[in-house]
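>>> just need the structure, nothing else, for what follows:
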Amino acid sequence: MIKRVFLIYIISFLTYGASAFTTEVCHTCEVNNLADAIRLSHRGDTVLVKPGIYECSDQELRKPITLIGEKGAILDGQMTGYILKILSDSVTIRGFKFINSGKSYTKDYAAIYSYRVRHFNIIGNEIENPFFGALLEKSHDGVIKDNLIFGESKQEDDSGNGIHAWHCSNLLISNNTLHGLRDGIYLEFVTESEISNNLSHDNIRYGLHFMFSNNDKYLSNTFQDNGAGVAVMFSKFIVMKENKFIENWGTASYGLLLKEINDAEVENNTFRENTIGVFVEGSNRVNYVDNRFESNGWAVKVSGGCYENYFMRNNFISNSFDLAYNGKLNDNKFEGNFWSTYSGYDLDKNGIGDVPYRPVKLFSYVVNKTPEAIILLRSLFVDIINFSEQVSPVFTPDNLVDPQPSMKPF
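Residues are numbered from 1 along each chain as shown. Sure, this is the predicted structure:
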């Protein structure tokens, strides 16, 4: 029985592939617009669009077809609404430039929109100054890669996101470049997905923003010079590895915000020149391993409700403050990290400091309470009060200590 079913599948596949047809679209071709080409195509067909500007607004794709744009193929939405709407499984859109998608304060217009579909591909496109670039709703098993999405947004209320996914799963969002948008990438209720090798920079709000999205991986992305960095909220079972959080500066900015996050791995990331490297609030059982915190205002800020977090083999180098801690109780573990401000000794030459290190400075506590005190950062008075707190902790948790600080960076 299994062999028979498999044979029927193979015959159907071969017949389906053999019947596929390619329709060419150009201004001098028999088919000179995209709407006619899509209407004339059948399941599994390919539409090949030659260079030129083609008017295209609210074009619906209701059958599994492939749209390929040759270099210079431009789809012009004429500022009226969506440009392409994917409403069928197994649709591929590749190689187009999208311009003039609609903008609205009441509708989420996008250059590419998908709804309730599976096995779709959005690859190698350029989307210029959209409201939303690619808007995905209740769509699954999709690939969004090698796209350039950019805008000229100046404020949040009249701009959208580059890649926006809602109630989706099994997405691969990879090798995209996103800038000049509200959020580069925004995910809500997105599960079992991978976001990797993207460059998200100079966006108004977040380079990446996701909420209520579990079991996802974020690998080898760069988030640079965004309004508030990256925000991770109300999610669990998250893996964030080998990402770069760079130059996210501002009065309310950070490289990475973790709010209500549980059971996550934050490994091998670089946090450099951010106002706050990592801001943690209400997050538990998060492992921070082999990260590099360099030249940040605060490397790590821990707010209330954070328990059973583990910091190990991280490099804390040249930060104004390595750690800020809000509270008298500590249930988190710091062990075997390198602290560039550590002044202890290693008599047995085993690479581990013989004197435990207290990473929370009293002046950090003072600045949290009175931000204006930051002007005293380099004064002798600050050195004195920090030393007194190290000797006899009063304002910081007594057990907040790295008992085995590394003498050399990892």
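>>> if we ignore the residues flanking it in sequence, what's nearest residue 193?
residue 171 (4.1 Å; CB to CB, 6 or more residues apart in numbering). (C-beta placed from N, C-alpha, C; glycine too.)
>>> how many other residues sit next to that neighbour?
24 (other CB atoms under 10 Å).
>>> that one contacts residue 145, doesn't it?
No: under the criterion of CB atoms under 8 Å, residue 171 makes no contact with residue 145, lying 10.3 Å away.
>>> and the helices in this structure?
Taking DSSP state H as the criterion, the chain carries its helices at 2-18, 34-40, 362-369, 380-391.
>>> ranked by average pLDDT, which of those falls at the bottom?
Looking at the helices of the chain, the lowest mean pLDDT belongs to helix 2-18 (a mean of 44).
>>> so where's the protein shaky on pLDDT?
1-19, 327-329, 362-397 (pLDDT under 70).
>>> quick one, domains of it?
19-227, 228-410 (automatic domain parsing).
>>> deepest in the core, which of the ones you listed is it.
domain 19-227 (a mean of 20; mean count of other CB atoms under 10 Å).
>>> bridging residues for the residue nearest to residue 193?
Judged by DSSP bridges, the bridge partners of residue 171 are residue 142.
>>> and it, what is it in contact with?
136, 140, 141, 142, 143, 144, 165, 190, 193, 194 (CB atoms under 8 Å, 6 or more residues apart in numbering).
>>> contacts only, for the fourth one.
Taking CB under 8 Å, 6+ apart as the definition of contact, the neighbours of residue 142 are 114, 117, 118, 119, 120, 121, 122, 136, 168, 170, 171, 172.
>>> quick one on the thing from earlier: which among the contacts of residue 171 gets closest to residue 46?
residue 143 (17.2 Å; CB to CB).
>>> for residue 249, see how far away the closest one is.
Distance of residue 143 to residue 249, computed by CB to CB, to the nearest Å: 34 Å.
>>> try residue 237
Taken as CB to CB, the span from residue 237 to residue 249 is 31 Å.
>>> and what of residue 260?
Residue 260 is 25 Å from residue 249, by CB to CB.
>>> ok, now residue 170?
In terms of CB to CB, residue 170 sits 35 Å off from residue 249.
>>> same deal with residue 256?
In terms of CB to CB, residue 256 sits 14 Å off from residue 249.
>>> again with residue 326
For residue 326 relative to residue 249 (CB to CB), the value is 22 Å.
>>> and residue 343, by the same measure?
29 Å.
>>> go on, residue 180?
To residue 249, residue 180 is 18 Å away according to CB to CB.
>>> which residue packs closest to residue 56, ignoring adjacent ones?
residue 75 is the one closest to residue 56 (CB to CB, 6+ apart), at 4.3 Å.
>>> give the contact list for that neighbour.
Residue 75 touches 34, 54, 56, 69, 83, 84, 96, 97, 98, 99, counting by CB under 8 Å, 6+ apart.
>>> kindly report the same for residue 280.
258, 286, 300, 301, 302, 303, 306, 309.
>>> likewise for residue 174?
143, 144, 145, 146, 194, 195, 196, 197, 198.
>>> same check on residue 242?
So residue 242 contacts 219, 220, 267, 268, 269 (CB under 8 Å, 6+ apart).
>>> show me which pair in these is furthest apart.
Distances among the contacts of residue 242 were taken as CB to CB; the most separated pair is 220 and 267, at 11.8 Å.
>>> what's the overlap in contacts for these two?
241, 242.
>>> for the residue nearest to residue 265 when sequence neighbours are not counted, give its distance to residue 194.
Distances taken as CB to CB, 6+ apart place residue 239 nearest to residue 265, at 4.8 Å, with adjacent residues excluded. To residue 194, residue 239 is 9 Å away according to CB to CB.
>>> find the residues that touch each one of those two.
216, 217, 218, 219.
>>> output the residues you listed as TSV; include the columns distance to residue 50.
Below are the shared contacts of residue 239 and residue 194 laid out as TSV (distance: CB to CB, whole Å):
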residue	distance to residue 50
216	39
217	39
218	38
219	37
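>>> in strands, which of those fall?
Counting by DSSP state E, the shared contacts of residue 239 and residue 194 place 216, 217, 218, 219 in strands.
>>> residue 275: which of the residues you listed is nearest?
Using CB to CB, those come closest to residue 275 at residue 218, 20.8 Å.
>>> from what I see, the closest one and residue 196 are in contact.
Yes: look at residue 218 against residue 196 with CB under 8 Å: they come within range, at 7.4 Å.
>>> how much space between the residue nearest in space to the middle of the chain and residue 308?
Most central in the chain under CA atoms, centre = their mean is residue 208, positioned 3.4 Å from the mean C-alpha point. According to CB to CB, residue 208 and residue 308 sit 25 Å apart.
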